[in-house]
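1. Provided below for reference: sequence and predicted model.
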Amino acid sequence: MIEPGLRKLVTLLDEVRAEMGQPVDPPRRRAVAIAVIANPCAGSYEADLASLSEIGARLGALLTAQALAALGLPPERVESFGKGAIVGEAGEVEHAAAIPHPKLGAPMRAALGGGAALVPSAKKRGGLGCALDLPLGHRDAADLPSHLDAMEVRVADAPRAGEILVAVGLAAGPRPLARGDRRLAEAEPLGSKG
Amino acid sequence: MTKILLRKRVVTVEHIFHEGGPPPAQPLLRAACISVIANPFAGRYVEEIAAFMKTLEPLGLEMAEALVQALGGDARAVEGYGKGAIVGAAGELEHGALWHVPGGYAMRAVLGDARAIVPSAKKVGGLGARLDVPVTHINASYVRSHFDAMEVGVADAPRADELALVLVMTTGPRIHARVGGLAAADIRGEDGLR
C-alpha cells in the first residue's frame, strides 16, 4: 500500500467548457485528489499530534501527484491551489488541522515547482458523505481576484468515525468568464507578493 | 437534429485499497464520467424526442473512452459497468431515458464483446442531486461479487434546463466480496445473465 492506513484514494477532474451559453476556451480544468486514512488519534485526547503532521508531509506529495495526473497538465500550468480536511466524528477538528497545516504545503509546492502564496484551506468535522468547500487561490498571489474560487468535494462513504479525509485541489485557470471584480483590471503582476 | 451543448464534464476515479479486511494485491478502481448538457426539451412537452438518442452517440463514445483512460487505458481491465441520468427541474424523467441506448451502445463499442445489460438509474433532481448508479458484471448480470453502486453528483448541476448524463466502469468485484453466488470464473456467457 502506498500509505499506511490509506483506505481509499479518489480523484476528480472538473472541466468547464461553457457557461451561460458562452464558450470557455480553453476549457477551465480543476482537479482534486482525496485520501481517506485512518485517524491514529481518534477516540481519545492526544496532546502531541506530530504523527498526524508526518502523515500530512507524505500526503502532500502523494495527493499533489495524483491531482496533477487527474488534471492531465504539466505542473507549470497549475495556477491555483487549495487544501482541506474532514475529520470523522471520533476525532477533533485539531486533527484535521494537524494534517494539512505544518508539513503538507512544502511537498505540494515542490511537486508544482513553486507557489509563493498561502495555500488556502478549510477543515471541519463531519460524517459519511459530508461535503467540503475546498478554497482555491492563485499560487503566487493569494488575493488575485480572478482565481478566488472553491470546489465542493465529498466521498459518499467517508469519513467513518475513525477516519480523516484529506484533499488537495489544483486549478489550471481563473473562474470561467472571470470579470466580476474591479480589481481584476488593477491586479498586480504575478509573483510580486505572496 | 438538435446539437449537444456541453457545459461541463466531471471524471471521478476511486482507488479502494481495503475496507477493514485484508487488502488485495491490486486495489479496486471505480470511475464515473458525467457530462452536463443542455436539455433541448426542457420547459415544455415535446412528443418526438427519440431522434436525440442518435445525437448522443458520439458523446457516449467520448465518455466511455475517457473512462477506460481513467482506469489505466486497457479496456480488458473493465469488469463492471452502469449508467444513469439526472434530469433538471424543467425536464421530465423520460428525457433521462434517452440515455439508455447511446450510453449502453458506447460502452459496448469501447469494451468489445460485453454481453450483459447495462444497469441504470435515473431521476429528476436539482443542483447537487446525488444518483446511486447501479453496477453489474459486463458479461453476466447475475455475478454476485460485482453487484455494486457508485454515488455520483455534480455540485452545480443539473440546472433546470440541463441533463447530467453518467457512465460508470469498475475493474473488479467489491473489495472484500464474500457472499457467494455466481462467480465471474463460472460465467457461461450465453445470455448476458449467467
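-> Structure's in. What do you need?

2. buried set for stretch A:47-54?
-> Under the neighbour-count criterion of 16 or more other Cβ atoms under 10 Å in any protein chain shown, stretch A:47-54 has A:49, A:52, A:53 buried. For the C-beta atoms, the positions are set from N, CA and C on the backbone; glycine is no exception.

3. Return the member of the residues you listed nearest to chain B.
-> Comparing the buried residues of stretch A:47-54 against chain B with Cβ to the nearest Cβ places residue A:52 closest, at 19.5 Å.

4. Do you know the pLDDT at the closest one?
-> pLDDT, the model's per-residue confidence, is 94 for residue A:52.

5. And for the one 10 residues further on?
-> pLDDT, residue A:62: 97.

6. and it, helix, strand or coil?
-> Residue A:62 falls in the helix class when you classify it by DSSP: H, G, I helix; E, B strand; the rest coil.

7. what's the burial count for it?
-> Residue A:62 is surrounded by 19 other residues when neighbours are defined as other Cβ atoms under 10 Å in any protein chain shown.

8. Residue A:4 is in contact with that one, correct?
-> No. Because the distance of 11.9 Å does not satisfy Cβ atoms under 8 Å, residue A:62 is recorded as not touching residue A:4.

9. now the strands for chain B?
-> With DSSP state E as the definition, chain B shows strands at residue ranges B:6-16, B:28-38, B:80-87, B:120-124, B:131-137, B:148-152, B:162-170.

10. Make JSON lines out of those strands and add mean neighbour count, mean pLDDT and distance to chain A.
-> What follows is the strands of chain B, written out as JSON lines (neighbours: other Cβ atoms under 10 Å in any protein chain shown; pLDDT from 0 to 100; distance: least, Cβ to the nearest Cβ, whole Å):
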{"stretch": "strand B:6-16", "mean neighbour count": "22", "mean pLDDT": "98", "distance to chain A": "4"}
{"stretch": "strand B:28-38", "mean neighbour count": "24", "mean pLDDT": "98", "distance to chain A": "9"}
{"stretch": "strand B:80-87", "mean neighbour count": "28", "mean pLDDT": "98", "distance to chain A": "14"}
{"stretch": "strand B:120-124", "mean neighbour count": "18", "mean pLDDT": "97", "distance to chain A": "14"}
{"stretch": "strand B:131-137", "mean neighbour count": "22", "mean pLDDT": "97", "distance to chain A": "9"}
{"stretch": "strand B:148-152", "mean neighbour count": "20", "mean pLDDT": "97", "distance to chain A": "4"}
{"stretch": "strand B:162-170", "mean neighbour count": "28", "mean pLDDT": "98", "distance to chain A": "11"}
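
11. Could you export the ones you listed as CSV, including distance to residue B:193?
-> Listed next are the strands of chain B as CSV, based on distance: least, Cβ to Cβ, whole Å:
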stretch, distance to residue B:193
strand B:6-16, 27
strand B:28-38, 23
strand B:80-87, 15
strand B:120-124, 16
strand B:131-137, 10
strand B:148-152, 17
strand B:162-170, 19
